[in-house]
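In: here is a sequence together with a model predicted from it:
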Amino acid sequence: MQLPFYKYQGTGNDFVILDNRAGQLQLSLSQIHYICDRRFGIGADGLMLLNQLPGFDFAMKYYNADGRESSMCGNGGRCLVKFAFHCGLARSTYKFIAADGPHEAEIDGHSIVRLKMQDVTAINQHNGDMVLDTGSPHYVKSVVNLMDYDVFHKGKEIRYHSEFQPGGINVNFVEQLSDDEIMVRTYERGVEDETLSCGTGVTASAIVNYHNELGFNEVIVTTRGGKLSVEFERMPDGSFTNVWLCGPAEKVFEGSITLPE
Ligand SMILES: N[C@H](CCC[C@H](N)C(=O)O)C(=O)O
């Protein structure tokens, strides 16, 4: 079967996008795993279907590179909005549905995609680190000398910790660079490796590192794949709302792949 695809990346977190507005695609776990394989397939951290849904500009279905359907992907959502724009769907504000519910998104004059994330109502502690859900589950640990840190092994240890089974968790290591700037490296569940950036992880890490006790915060986040910014309001009850993940999302190439049956 010949399958047309589009390859996008958002600060180095890369995805295969399939246009499924006709609703015909039925891919198996092994087919998605094959497509995402960096040697035998196209290679990507994840795969997304652009689906149609009445009342919304589109619906997003997300699969990790392991072939399994997963929770919200922030960088993936931003790439899907850019793909919709490239498909001729020009909107001042995009509205779509993802695994964690409805999202708004905008493309600004500099081609930066701004994605509204779900509110964050709770941050839990675990051994002095932070655990929260920004559409996907995230563990956030502060470290020093982040670029020398063993993200893979330390991340894998936490990802498979009994405390977080059966679903597992994404693991973010954060270094404070200044009052409003952090650096983040992430071991991603379902990729089972460090990715060059993780949108829901960057969002979680920024929220944990708020600097204004109340009201508007903007945190600049440096990742190995580039810079993102996270805007949010901290409310008197300790929750976080009006959360926006902002950064570039670019098309890399398009093509077609022959899928084994
Ligand atoms: N691996 C994540 C989903 C993708 C998250 C990441 N790529 C993002 O940009 O948010 C999980 O299974 O929870």
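Out: Nice, I can see it. Numbering: from 1, shown residues only.
In: ok, residue 222 - contacts?
Out: Residue 222 makes contact with 177, 181-184, according to CB atoms under 8 Å, 6 or more residues apart in numbering. Where C-beta positions appear, they are placed from N, C-alpha and C, glycine not excepted.
In: of these, buried ones?
Out: 181-184 (16 or more other CB atoms under 10 Å).
In: list just the nearest of those to residue 88.
Out: residue 184 (34.2 Å; CB to CB).
In: helices or strands up against the helix or strand containing that closest one?
Out: Under the criterion of DSSP states H and E, residue 184 resides in strand 181-188. For strand 181-188, the elements it packs on are helix 151-159, strand 170-178, strand 193-195, helix 199-208, strand 215-223, judged by 3 or more CB pairs under 8 Å, 6 or more residues apart in numbering; DSSP states H and E.
In: could you confirm whether that strand reaches the ligand?
Out: Yes. Strand 181-188 lies within reach of the ligand by CB under 6 Å from any ligand atom, at residue 188.
In: ok, that strand: who's next to it in the sheet?
Out: strand 170-178 (antiparallel), strand 193-195 (antiparallel), strand 215-223 (parallel) (DSSP bridges).
In: tell me the most buried of these?
Out: By mean neighbour count, with neighbours taken as mean count of other CB atoms under 10 Å, strand 170-178 ranks first of the strands paired with strand 181-188 at a mean of 21.
In: coming back round to it: next, the angle from the strand holding residue 184 to helix 199-208.
Out: Counting by axes from the mean of the first three to the mean of the last three CA atoms, to 10 degrees, strand 181-188 lies at 140 degrees to helix 199-208.
In: mean confidence for strand 181-188?
Out: For strand 181-188, mean pLDDT rounds to 98.
In: now do it: distance to the chain's middle.
Out: The chain centre lies 12 Å from the centre of strand 181-188; the measure is CA atoms, centre = their mean, to the nearest Å.
In: neighbouring contacts of that strand?
Out: So strand 181-188 is in contact with 45, 64, 146-147, 149, 151-152, 154-156, 158-159, 170-177, 193-195, 197-198, 201-202, 205-206, 209, 219-224, going by CB under 8 Å, 6+ apart.
In: same deal with stretch 156-173?
Out: So stretch 156-173 is contacted by 126, 131, 136-143, 146, 149, 151, 154-155, 184-190, 192, 198, 200-202, 204-205 (CB under 8 Å, 6+ apart).
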